[in-house]
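[1] Quick one: sequence and predicted model below, then my questions.
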Amino acid sequence: MKNFSELSEQEILAIAVSSEEEDSRIYLTFADKLRDQYPASAKVFEEMAEEEKHHRHMLLESYEQRFGPNLPPTRRDDVKGFLKRKPIWLLKNLTLDMIRKQAETMEFEAARFYAKAAERAQDIGTRKLLADLAEEEKGHESLASKLVDANLTSGATAAENETHQRMFVLQYVQPGLAGLMDGSVSTLAPLFAAAFATGVNWSTFLVGLAASLGAGISMAFAEAISDDGSLTGRGSPMIRGAVCGLMTTVGGLGHSLPYLVPDSLPNHFKIATTIASIIVFIELWAIAWIRNKYMDTPFLQAVFTTVVSGVIVFLVGIFIGAA
């Protein structure tokens, strides 16, 4: 994958063309989803899709004038730092509020991309086109937020608060949640395998400590190098890496600490394992709650993918350790 700073103007225009085409299809999917229940909102998304088609035409015309008819096979998925679009088939089950938030995030990212691209453009005409598109995408972001007034309850937050909330999610909640999920789930198997293989609390704790710290360091570096934040506005990679690494370590240590119960106590292993199992259950439900609240994941889906997967890993560890 390339960094944004490594892209040529030809590649920037090619990515912009493909991005506008993809976003247009996503907005039409939103319109189809909302048409029966929210026809006014569906009309808004149809108009936004047409605008994206118009933007694509302008970009393609500019590209062909400068570089000819052949677009290089470069897409935003090939650029480090771009926020990934959810597959369209996953978007069909979103509520109106979730669709609105998704549209706002899409337009926020598009506006930032065009603003950054305009700063790097050397050709005057291209720079002006990209800057104009950045302003238009900002207008789309405001238009998407107005769907609240037309179709949702009157308790909608102000636009600036929504932007702040969205950036909080991007900069802290996403990396923190990724770390918590990895730390809570990935350390289950080695911890409980060691527990049931040895029956010794101190040895089990050392395995859990090593797994938690190792996973935390790994996740911290992985998050920090995945995106420098210059394009997406996700903030400092050092901060995101620290948040991700810390939450990974916390997720693993949560069910490792009970094994500090001294081995000299009667039923020490049973006590520690019972407490650790309760903590695992709490961790998994907390992850499901965070995914539902901040990531717009339906609660039952969040429970199934988080709790069920965690329980499976938990049982695998016990099975291997007891073998």
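    Here it is on my side, so go on.

[2] separation between Leu13 and Ala118?
    Applying CB to CB, to the nearest Å, the value for Leu13 to Ala118 is 12 Å. (Glycine included, C-beta is placed from N, CA and C.)

[3] Pick out whichever of those two has more residues nearby.
    For Leu13 versus Ala118, neighbours defined as other CB atoms under 10 Å are more numerous around Leu13 (27 against 18).

[4] which stretches of the stretch 51-200 of the chain have low pLDDT?
    81-94, 140-167 (pLDDT under 70).

[5] Which residue ranges of it form helices?
    Using DSSP state H, counting those that start in this stretch, the helices assigned to the stretch 51-200 of the chain run over residues 88-91, 96-120, 124-145, 147-151, 159-168, 174-186, 188-198.

[6] Who are the packing partners of the last one?
    Here helix 188-198 is seen to pack against helix 201-226, helix 268-294, helix 309-322 when contacts are counted using 3 or more CB pairs under 8 Å, 6 or more residues apart in numbering; DSSP states H and E.

[7] quick check: angle from that helix to helix 309-322?
    30 degrees (axes from the mean of the first three to the mean of the last three CA atoms, to 10 degrees).

[8] hmm, who's touching helix 188-198?
    Residues external to helix 188-198 that are found in contact with it (CB atoms under 8 Å, 6 or more residues apart in numbering): 203-204, 207-208, 211, 252, 255-256, 259, 269, 272-273, 276, 280, 310, 313-314, 316-318, 320-322.

[9] Now, of those, which are buried?
    Neighbour counting with 16 or more other CB atoms under 10 Å marks 204, 207-208, 211, 252, 255-256, 259, 269, 272-273, 276, 280, 310, 313-314, 317-318, 321 as buried within these.

[10] Give me the most central residue, this protein.
    The C-alpha lying nearest the average C-alpha coordinate of the chain belongs to Gln174 (CA atoms, centre = their mean; 5.4 Å).

[11] That one and Asp23: what is the separation?
    If you measure Gln174 against Asp23 using CB to CB, the figure is 21 Å.

[12] Using PDB, write out every CA atom in stretch 26-38.
    These are the backbone C-alpha positions of stretch 26-38, laid out as PDB (Å, rounded to 0.1, in the frame of the first residue of the first chain):
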ATOM      1  CA  ILE A  26     -23.800   3.500  -2.000                       C
ATOM      2  CA  TYR A  27     -26.100   6.500  -1.900                       C
ATOM      3  CA  LEU A  28     -28.400   4.900  -4.400                       C
ATOM      4  CA  THR A  29     -28.500   1.800  -2.100                       C
ATOM      5  CA  PHE A  30     -29.400   4.100   0.800                       C
ATOM      6  CA  ALA A  31     -32.200   5.600  -1.300                       C
ATOM      7  CA  ASP A  32     -33.600   2.200  -2.200                       C
ATOM      8  CA  LYS A  33     -33.500   1.200   1.500                       C
ATOM      9  CA  LEU A  34     -35.400   4.400   2.600                       C
ATOM     10  CA  ARG A  35     -37.800   4.900  -0.200                       C
ATOM     11  CA  ASP A  36     -40.900   3.200   1.300                       C
ATOM     12  CA  GLN A  37     -40.600   4.600   4.800                       C
ATOM     13  CA  TYR A  38     -38.700   7.800   4.300                       C
END
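
[13] which parts of that stretch are buried?
    Neighbour-count burial for stretch 26-38, with 16+ other CB under 10 Å as criterion, is recorded at Ile26, Tyr27, Leu28, Thr29, Phe30, Ala31, Lys33, Leu34, Tyr38.

[14] for it, the distance to its chain's centre please.
    With CA atoms, centre = their mean, to the nearest Å as the basis, the distance from the averaged C-alpha position of stretch 26-38 to the chain average is 23 Å.

[15] any idea how far the closest residue to Ala211 other than its chain neighbours is from Gln171?
    In this structure, Ala211 finds its nearest non-sequential neighbour in Thr187, 4.4 Å apart by CB to CB, 6 or more residues apart in numbering. Using CB to CB, one gets 25 Å for the distance from Thr187 to Gln171.

[16] For those two, indicate the residue with more neighbours.
    Higher neighbour count among Thr187 and Gln171: Thr187, with 30 against 19, using other CB under 10 Å.

[17] isn't that one right next to Ser212, touching?
    Yes. The pair Thr187 and Ser212 passes the contact test of CB atoms under 8 Å, sitting 5.7 Å apart.

[18] tell me, what's touching the two both at once?
    Gly251, Gly252, Ser256.

[19] would you turn the residues you listed into TSV with pLDDT and distance to Phe196?
    What follows is these, written out as TSV (pLDDT from 0 to 100; distance: CB to CB, whole Å):
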residue	pLDDT	distance to Phe196
Gly251	90	21
Gly252	90	18
Ser256	92	15
